[in-house]
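Peer 1: next comes the sequence, and after it the predicted model I'd like to discuss.
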Amino acid sequence: MTSPQARTREVMFLIPVTVCLVFAAAPASAQSVSGQTDVQQAASRVTFAKMPADQVRTELLQWLITSGAEQSVLEKVIARWADDAVLAGLSGEDVLDLLVASFAETDSAAQRLLTESNGAGPVERIIFDGIRSTPLFQNQLQLFHARWLTQHRYYDEALPLLSELLPENVVDPAGLLFYRAVCQSQLLQRQEALDSLSLLLNNTLDVPERLRTVAEVMQQELVGQVEDGMGQISLLMKDVERRLDLGRSGDNTQKQEDAIIRELDRLLEEMDQKNKQQGGGGGSSNSPSGSQGADRSQIKGSTGKGDADHKELEEGGKWGLLNARAEAKARELIRQKFPSNFLDQIGRYTRKLAERNK
């Protein structure tokens, strides 16, 4: 089993470094009872707890016998689960690891999943047919797989697996809710992530301290986020960079790129109009404002292998179809109105896209 120190490192890397941009703080009343979502209100009467170890042990042995496990395998597994005092002290995470290792003693799919999860991947999804469709087997291995995917930033693949599972049907409900919240947060599903964190922090017993600490930080960051402006652009850029790092350049990535350009167009137009109202001078006909700017910034998708035809992104990191004068104006507006590191953020993002197109 993984050491607590190693697990702590795995968990902490999931929280992105806070980008030094301006986030508007949400009012305190957003967390009041009157502001709760239906999910939070319904969950306020529910408490989740890890499965009792003796129940897990009994169901595991029944599964092994039904699967036709050899006597030597049964004896080995029984020895692993014999000490009640040790089992009582295990976290839900540890019980999950022990359970998957026990299944792997006799099941080839579980063995493959366990082996692949100890390497760099990829980890192939198991087909749950026959005895593998038994809830104890299917639910726990699905959670184990989704945990690996989340830890390796495959949030799009992990979230559907986690969303199919119920906390009461897994040996580690705290882990299920935590990793689900991580995926939702990273995929910019803010309210869904807050709902999962609420269930974890308020309705789940035996939450490991390191998960609780990280979950509280996530909750604070999500409450303070706004869903447009610079903060949203920064989150979208980080998501696109992650997808490109993982070699994902299909429709979902292109949708995020479209959203970035639309939001940049909107912000630049707002700043340009504000400058005009304050007597800052008229705008150039080449300024990316109004509907023309939005049209010119649009990313054109292709029907090939999921790669976008990013004609507006040159290898030098230029901004769309802006000429030198308009680009200089946009940069000057950003210098005046935005934090100093925002230009660097945009530069890194455009270079990442240019590298992808080489």
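Peer 2: Nice, thanks for sending it over. Numbers count the residues shown, from 1 in each chain.

Peer 1: which helices and strands sit right next to the helix or strand containing residue 73?
Peer 2: Counting by DSSP states H and E, the element that carries residue 73 is helix 71-80. Judged by 3 or more C-beta pairs under 8 Å, 6 or more residues apart in numbering; DSSP states H and E, helix 71-80 is in contact with helix 53-66, helix 92-103. Every C-beta, even on glycine, is put in place using the N, C-alpha and C of the backbone.

Peer 1: contacts for that helix, please.
Peer 2: With C-beta atoms under 8 Å, 6 or more residues apart in numbering as the test, helix 71-80 has contacts from 60-61, 64-65, 69, 98, 101-102, 105-106.

Peer 1: let me have the helices and strands packed on helix 71-80 in a markdown table, extended by mean neighbour count and distance to residue 124.
Peer 2: Output for the helices and strands packed on helix 71-80, formatted as a markdown table (neighbours: other C-beta atoms under 10 Å; distance: least, C-beta to C-beta, whole Å):
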| stretch | mean neighbour count | distance to residue 124 |
| --- | --- | --- |
| helix 53-66 | 16 | 22 |
| helix 92-103 | 23 | 15 |
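
Peer 1: could I get those helices as TSV with mean pLDDT?
Peer 2: TSV is the format used below for these (pLDDT from 0 to 100):
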stretch	mean pLDDT
helix 53-66	94
helix 92-103	96
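
Peer 1: sort out which residues of stretch 185-200 are buried, please.
Peer 2: With burial defined by 16 or more other C-beta atoms under 10 Å, the residues of stretch 185-200 counted as buried are 185-190, 192-200.

Peer 1: using CSV, write out every CA atom in that stretch.
Peer 2: In CSV, the C-alpha atoms belonging to stretch 185-200 read as follows (Å, rounded to 0.1, in the frame of the first residue of the first chain):
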residue,chain,number,x,y,z
SER,A,185,-13.7,21.7,-10.2
GLN,A,186,-11.1,21.1,-12.9
LEU,A,187,-13.7,20.8,-15.6
LEU,A,188,-15.2,24.1,-14.4
GLN,A,189,-18.4,22.6,-13.0
ARG,A,190,-18.3,25.0,-10.1
GLN,A,191,-21.7,24.3,-8.4
GLU,A,192,-21.4,20.5,-8.8
ALA,A,193,-18.0,20.6,-7.2
LEU,A,194,-19.4,22.6,-4.3
ASP,A,195,-22.2,20.1,-3.8
SER,A,196,-19.7,17.2,-3.7
LEU,A,197,-17.5,19.1,-1.3
SER,A,198,-20.5,19.8,0.9
LEU,A,199,-21.4,16.1,1.0
LEU,A,200,-17.8,15.3,1.8
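
Peer 1: helices and strands around the helix or strand where residue 242 lies, which ones?
Peer 2: Residue 242 is located in helix 230-245, with elements delineated by DSSP H and E. On a contact count with 3+ C-beta pairs under 8 Å, 6+ apart, helix 230-245 meets helix 251-277, helix 342-357.

Peer 1: show me the contacts for residue 152.
Peer 2: So residue 152 contacts residue 121 (C-beta under 8 Å, 6+ apart).

Peer 1: on that earlier part again, so which of the buried residues of stretch 185-200 are in helices?
Peer 2: Among the buried residues of stretch 185-200, the members falling in helices (DSSP state H) are 185-186, 190, 192-200.

Peer 1: one step back: quickly, which of the helices and strands packed on helix 230-245 bottoms out on average pLDDT?
Peer 2: Among the helices and strands packed on helix 230-245, helix 342-357 has the lowest mean pLDDT, at a mean of 62.

Peer 1: distance of residue 99 relative to residue 137?
Peer 2: 9 Å (C-beta to C-beta, to the nearest Å).

Peer 1: ok, back up a step: same list, the contacts of helix 71-80, but as JSON lines with distance to residue 221 please.
Peer 2: Output for these, formatted as JSON lines (distance: C-beta to C-beta, whole Å):
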{"residue": "60", "distance to residue 221": "39"}
{"residue": "61", "distance to residue 221": "44"}
{"residue": "64", "distance to residue 221": "44"}
{"residue": "65", "distance to residue 221": "48"}
{"residue": "69", "distance to residue 221": "46"}
{"residue": "98", "distance to residue 221": "33"}
{"residue": "101", "distance to residue 221": "35"}
{"residue": "102", "distance to residue 221": "38"}
{"residue": "105", "distance to residue 221": "42"}
{"residue": "106", "distance to residue 221": "44"}
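
Peer 1: from these, which is closest to residue 144?
Peer 2: residue 101 (10.0 Å; C-beta to C-beta).

Peer 1: element containing the residue lying closest to the closest one once chain neighbours are set aside, please.
Peer 2: Among residues not flanking residue 101 along the chain, residue 114 sits closest, at 6.5 Å (C-beta to C-beta, 6 or more residues apart in numbering). For residue 114, the host element (DSSP H and E) is helix 108-117.

Peer 1: so where is the stretch 1-150 of the chain shaky, pLDDT-wise?
Peer 2: 1-45 (pLDDT under 70).
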